[in-house]
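>>> here is a sequence together with a model predicted from it:
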Amino acid sequence: AQKVTQAQTEISVVEKEDVTLDCVYETRDTTYYLFWYKQPPSGELVFLIRRNSFDEQNEISGRYSWNFQKSTSSFNFTITASQVVDSAVYFCALSEASGSGNTGKLIFGQGTTLQVKP
Amino acid sequence: GAGVSQSPRYKVAKRGQDVALRCDPISGHVSLFWYQQALGQGPEFLTYFQNEAQLDKSGLPSDRFFAERPEGSVSTLKIQRTQQEDSAVYLCASSPRANTGELFFGEGSRLTVL
């Protein structure tokens, strides 16, 4: 069965601190996709990144970076120099791959609430 | 509007009532998903449409839940004889292409069953 675990329920940091959100996943598939979504107080989830299981290269986008390690089944997300606007719930998700990509059906973790204080 | 629109944003129903939740996806988006999000939890998949075809309804919790997308655009999630455990936020998401996982979500419809 597929499963995503985000062990950190809540994290609180002070602005400008770096923060890492952990994500561990389980799947029997050899081909799969991993995602991070952000859910601000307004409620709508916002897509941040997608990785496929064959690409373990780390990715950086501005203050955001992602570390994918297949050996430990982890896909961690780091925010550098956090800002108050980063306060939100962050979800890690997994989807299986079909012959034409992936089905789009996402298995979400329980989320990590990040509070960045000024 | 430019985003996924859901209505109503808030719905209070008495136990046993039927409810209908509407989703207007982004124009031209092929894929449409419904997810259920309980308080403090991650979203859980309910059902998936590709155009008007419902390709996966494995997440619908019971036969009281029904979804349709008759013309491949607007979708409605209907819950019959609501129960207290149906209380949750129902999220709709759409995607311009099939099978990418990169979804555009609406703000959700919060259902409270008394």
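Looks like it came in fine. Numbering: from 1, shown residues only, chains lettered A, B, ... in the order given.

>>> lowest average confidence, helix or strand, in chain A?
None of the helices or strands of chain A scores lower by mean pLDDT, DSSP states H and E than strand A:101-102, at a mean of 52.

>>> repeat that for chain B.
strand B:53-56 (a mean of 92).

>>> next, the distance between the ends of stretch B:85-98.
Stretch B:85-98 stretches 31 Å from its first residue to its last (CA to CA, to the nearest Å).

>>> in it, what's buried?
Within stretch B:85-98, the residues that qualify as buried by neighbour count (16 or more other CB atoms under 10 Å in any protein chain shown) are B:D86, B:S87, B:A88, B:V89, B:Y90, B:L91, B:C92, B:A93, B:S94, B:S95, B:A98. Backbone N, C-alpha and C define where each C-beta goes, glycine included.

>>> what's the answer for stretch B:9-20, then?
Across stretch B:9-20, burial judged by 16+ other CB under 10 Å covers B:K11, B:A13, B:V19.

>>> the second one bridge partners, please.
Here B:A13 sits in beta bridges with B:V113, as judged by DSSP bridges.

>>> where does pLDDT dip in the chain?
In the absence of a named chain, chain A is used. Where chain A drops to pLDDT under 70, the residues are A:97-103.

>>> my question was about chain B, not that one.
Using pLDDT under 70, chain B drops low at B:1.

>>> and the residue nearest the centre of it?
B:W34 (3.4 Å; CA atoms, centre = their mean).

>>> in which helix or strand would I find that one?
Assessed by DSSP states H and E, B:W34 sits inside strand B:31-37.

>>> perfect, that will be all.
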